[in-house]
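J.: One predicted model, sequence on top.
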Amino acid sequence: MGKQPAAVVGIGQTHHRAKRLDVSMAGLCREAMDRALEDAGMTLDEIDAIVVGKAPDLFEGVMMPELFLAEALGAAGKPLLRVHTAGSVGGSTAIVAASLVQAGIHRKVLTVAYEKQSESNAMWALSVPVPFNMPVHAGAGGYFAPHVRSYIRRSGAPNHVGAIVAAKDRNNALKNPYAHLHNEGTTVESVLASQMLWDPIRYDETCPSSDGACALVIASEDVAAASPNPAWIHGTVMRSEATSAAERDQVNPQASRDAAAALWKQAGIASPIDEIDMAEIYVPFSWFEPMWLESLGFAEEGGGWMLTESGATALDGRLPVNASGGVLSSNPIGASGMLRFGEAALQVRGLAGEHQVDGARKALGHAYGGGSQFFAMWVVGSDKPTS
Amino acid sequence: MPRTLSAPVTVAFDYTRSTGPVIGRFLTGLRDGVVVGARTSEGRVVIPPPEYDPVTHQPTTDFVEVSSSGSVTSWVWVPEPVAGQPFDRPFAWALVTLDGADVPFLHALDVSSADEVSTGMRVQVRWAAERAGAITDIACFEPADDGAGAIVPFPGDDVVSGVVTPVELDYVYAASPEESAFYRGLAEGRLLGQRCPTCHKVYIPPRSACPTDGSPTTDEVELPETGTVTTFCIVNVPFLGQKITPPYVSAYVLLDGADIAFLHLILDIPAEEVHMGLRVKAVWKPREEWGTTIENISHFAPTGEPDADYDTYKNQL
């Protein structure tokens, strides 16, 4: 027996900010959950199971936060699962929730992912020195910057492509009331003029540190039939690989390429650039847009930057990428992947508001995490999948 | 000599918690010398107040002040307290049901021996003299007397919305046997890697098992102290816990004969002149400063040779 059809029927997110000092972790999650439930026209009592995701526990200093959150999340008397796959966790959490419905185990699953970065300091948490080793690690930016340099060398991309991405996403965020950064007047020139933090990554090419949460209600076919605008799940894929192996391709990782190939096959997509109407791709540093465009098969190897430079990824382009403003405009780490998945679903439901892509009927949600080690992606569509 | 090297690690941070309005109300009460609970939809008074009702899931709004005296519901004796506990002398952890509450609440009970504790005994809050809006504003419970729970006024008119929770983890980091051999080699000024017997890739530091095919790595390979910068970044950003003052170049150095690069520092060249393919050699610290660590190599510096051909390291990018 194959997978049962499943759809996203409710989406909620918080207003993402640097510091949400007005709410606890539970309050942050509930803000997103309550919006998702309202959107779905459901109450917590109707939910069969809850799946929660967040990034490393060191970010808030709470071991296994699902234990203390269980009651506030309405999980008493229900299955509660916690998922962790570093930065991709928001995506993989949504996929675990979807799989509970697709497997025919539950009919209504609520999933929520969050991060409250203001409770600590992610840069510190990602750079704890390891004995005997060289203490040259400098957070996520320090980790990814050398691989961005490798991409630029391999592809021959001009230096301003990263700035094009940053200016685009920051301007898209102006149309998204939930986005953390609302930086008016960001231009390619202003991005290029911003401080070089982890050369070759500039300040304006870097994601912010945010407090925020995202929640989705995922329902079975019979439940979704009552929804006026379900986002049907056409394919879900997760892949992992070793963080460090000889000659591992950190620019275009094997796990990423394999995941994308499996996703397009599952979703019955022969030419992603022609058949996907918009994409929400996990881009925490601007250069990852062209990098993932190639890895995902939207462009040939070495051609991702040309797609970006041509304007194809702009809101009115051939393949709008991160219409919401993306991770570059809001980064509650644990929730960032689910925001990509949720924004893709909002688009195919036609509910994205000012940042709605005209005629979006099939969209990609994507997340990655660890040292480009974990990948999670899904395709959602306005129409029920035919197979 | 033990087979493996180990070293202590401390991970510590003062986390800044947002309490939200419900826990904030409870902590504000403690700061003011009052225990505040909440009445749930089922009519039970719970301390501390739950943020959301366990049945209706609605935010808690019905707050109730309860007595600071109550009865021990259950307890456990702590004969040997550990660091961070409320007392450095033996004490009890007690579940205390305060008068006016329906659910017990956990805190320390200050008595000198287990013989002085019993289920059902009457106890009262001993308030801390200085209160900050934290659970430690209740110093502990103590056996009840007639002057129940004397409060030193400690006024404050702001509402508590955050607490600082210091967290400290102390543990021992253990290197694998193969890594230990690598670090011990460094203490002799040698660079010891291992070759995978299956795919023949040379790993430095060695990994115990090849990450690609899982084969145990046993063949030791001594590598030279020269290599090539494959890729790098210039760290300009200062951050908490940073060990090297920025700006500095954090680079992947591919030693000659190795199949994987490792991160190290590049010096003796202006940061803006570091580039991919730069040939470098290890610069060692004075021998008397050496330990079993890669920090014996102070940094890598240019050798002055022509750049490595791109084809020699393109598979490392």
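T.: Structure received.
J.: in chain B, which segments are predicted with low confidence?
T.: Scanning chain B for pLDDT under 70 picks out B:146-155.
J.: where along it do the helices fall?
T.: Assigned by DSSP state H, the helices in chain B fall at B:20-32, B:177-186.
J.: mind checking how far the last one is from the chain centre?
T.: In terms of CA atoms, centre = their mean, to the nearest Å, the centre of helix B:177-186 is set 26 Å apart from its chain centre.
J.: Does it reach chain A?
T.: Yes. Helix B:177-186 reaches chain A (CB under 8 Å from any CB of the partner chain) through B:179, B:183. Any C-beta I mention is one placed from the backbone N, CA and C, and that applies to glycine too.
J.: again, but for the first one
T.: Yes. Taking CB under 8 Å from any CB as the criterion, helix B:20-32 and chain A are in contact, through B:20-23.
J.: How far does stretch B:167-186 stretch from one end to the other?
T.: In stretch B:167-186, first residue to last residue: 34 Å (CA to CA, to the nearest Å).
J.: you'd agree A:Ala32 is in a helix?
T.: Yes. A:Ala32 forms part of a helix when assessed by DSSP: H, G, I helix; E, B strand; the rest coil.
J.: want to throw the helices of chain B into CSV with mean neighbour count?
T.: Output for the helices of chain B, formatted as CSV (neighbours: other CB atoms under 10 Å in any protein chain shown):
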stretch, mean neighbour count
helix B:20-32, 21
helix B:177-186, 20
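J.: mind putting the ones you listed in TSV, distance to A:Pro385 included?
T.: Conversion of the helices of chain B to TSV gives the following (distance: least, CB to CB, whole Å):
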stretch	distance to A:Pro385
helix B:20-32	41
helix B:177-186	49
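J.: Can you tell me the SS state at the residue of chain A most remote from its centre?
T.: The outermost residue of chain A relative to its centre, with distances by CA atoms, centre = their mean, is A:Phe132 at 34.9 Å. Following three-state DSSP, A:Phe132 is assigned to coil.
J.: Next up, the contacts around the closest residue to it other than its chain neighbours.
T.: Excluding the flanking residues, the one nearest A:Phe132 by CB to CB, 6 or more residues apart in numbering or on different chains is B:Thr293, at 4.6 Å. B:Thr293 is in contact with A:131-133, B:183, B:186, counting by CB atoms under 8 Å, 6 or more residues apart in numbering or on different chains.
J.: again, only this time at 10 Å
T.: Residues counted as contacts of B:Thr293 (CB atoms under 10 Å, 6 or more residues apart in numbering or on different chains) are A:131-134, B:5, B:7, B:183, B:186-187, B:285.
J.: just B:Leu192 next, same as before
T.: B:178, B:181-186, B:204-206, B:220-223.
J.: related to what we said a few turns ago, select only the buried ones of the contacts of B:Thr293 in ChimeraX?
T.: Burial among these is assessed by 16 or more other CB atoms under 10 Å in any protein chain shown; the matching ChimeraX selection reads:
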select /A:131,132,133,134 /B:5,183,186
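J.: from the contacts of B:Thr293, which is closest to A:Gly370?
T.: Using CB to CB, A:Asn133 is the member of the contacts of B:Thr293 that lies nearest A:Gly370, at 17.8 Å.
J.: Before we move on, what's the pLDDT of the closest one?
T.: At A:Asn133, the model reports a pLDDT of 85.
J.: Surely it is in contact with B:Thr292?
T.: No. With contacts counted by CB atoms under 10 Å, A:Asn133 stays clear of B:Thr292, the gap being 11.6 Å.
J.: joint contacts of the two?
T.: Both A:Asn133 and B:Thr292 are in contact with B:175, B:179, B:183, where contact means CB under 10 Å, 6+ apart.
J.: ok, those vs chain A, which is closest?
T.: Using CB to the nearest CB, B:Tyr183 comes nearest to chain A of the shared contacts of A:Asn133 and B:Thr292, at 5.0 Å.
J.: is any part of the helix or strand of chain A with the lowest mean pLDDT close to chain B?
T.: The weakest-scoring helix or strand in chain A, judged by mean pLDDT, DSSP states H and E, is helix A:122-125 (a mean of 83). Yes. Helix A:122-125 is in contact with chain B by CB under 10 Å from any CB of the partner chain, via A:122-125.
J.: Name the next helix or strand downstream of that helix, please.
T.: Following helix A:122-125 in sequence order, the next helix or strand is helix A:139-155 (DSSP states H and E).
J.: Tell me how far that following helix lies from the chain's centre.
T.: For helix A:139-155, the distance to the chain centre is 20 Å (CA atoms, centre = their mean).
J.: I'd like to know how many residues surround B:Glu272.
T.: For B:Glu272, the neighbour count with other CB atoms under 10 Å in any protein chain shown is 10.
J.: same check, this time on B:Glu116
T.: 12.
J.: one step back: and the contacts of B:Thr293, which is closest to B:Ser69?
T.: Nearest member of those to B:Ser69, counting by CB to CB, is B:Ala7, at 49.9 Å.
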